[in-house]
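> one predicted model, sequence on top.
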Amino acid sequence: MATEKLTYAKAIAELEEIVARIETNQYDIDDLTEKVRRVSVLVSFCKERLHKTETEVQKIFDDLHQSPTV
């Protein structure tokens, strides 16, 4: 089975699902550590995507300001 590529939207949705289940005590103690590790991975992924996007957007704005006006 092919691994589906993780996107920011999918990561956020998975984070929301895990957090909701943690808040309502739907995980037993044996699964909790695994889910918290997954949350850590997802948060790191989202932070990286946000940073990359911020950098790319800033570069676009910088390029626009450097372009001569017609």
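Right, received. Where do you want to start?
> quick one: the helices in this structure?
Taking DSSP state H as the test, the helices found in the chain are 8-23, 29-66.
> could you single out the most deeply buried of those?
Each of those was given a mean neighbour count from mean count of other C-beta atoms under 10 Å, and the largest, a mean of 13, is that of helix 8-23. C-beta coordinates here come from the backbone N, C-alpha and C atoms, glycine included.
> quick check: angle from that one to helix 29-66?
With axes from the mean of the first three to the mean of the last three C-alpha atoms, to 10 degrees defining the directions, helix 8-23 sits at 150 degrees from helix 29-66.
> for stretch 43-53, the distance to its chain's centre please.
Using C-alpha atoms, centre = their mean, to the nearest Å, the mean C-alpha position of stretch 43-53 is found 6 Å from that of the whole chain.
> show me where pLDDT drops low in the chain?
Judged against pLDDT under 70, the low-scoring parts of the chain cover residues 1-3, 69-70.
> taking the centroid of it, which residue is nearest it?
The C-alpha lying nearest the average C-alpha coordinate of the chain belongs to C46 (C-alpha atoms, centre = their mean; 2.2 Å).
> in contact with the nearest residue to that one once chain neighbours are set aside, which residues?
Distances taken as C-beta to C-beta, 6 or more residues apart in numbering place A11 nearest to C46, at 5.3 Å, with adjacent residues excluded. Each residue near A11 by C-beta atoms under 8 Å, 6 or more residues apart in numbering is listed here: 42, 45-46, 49.
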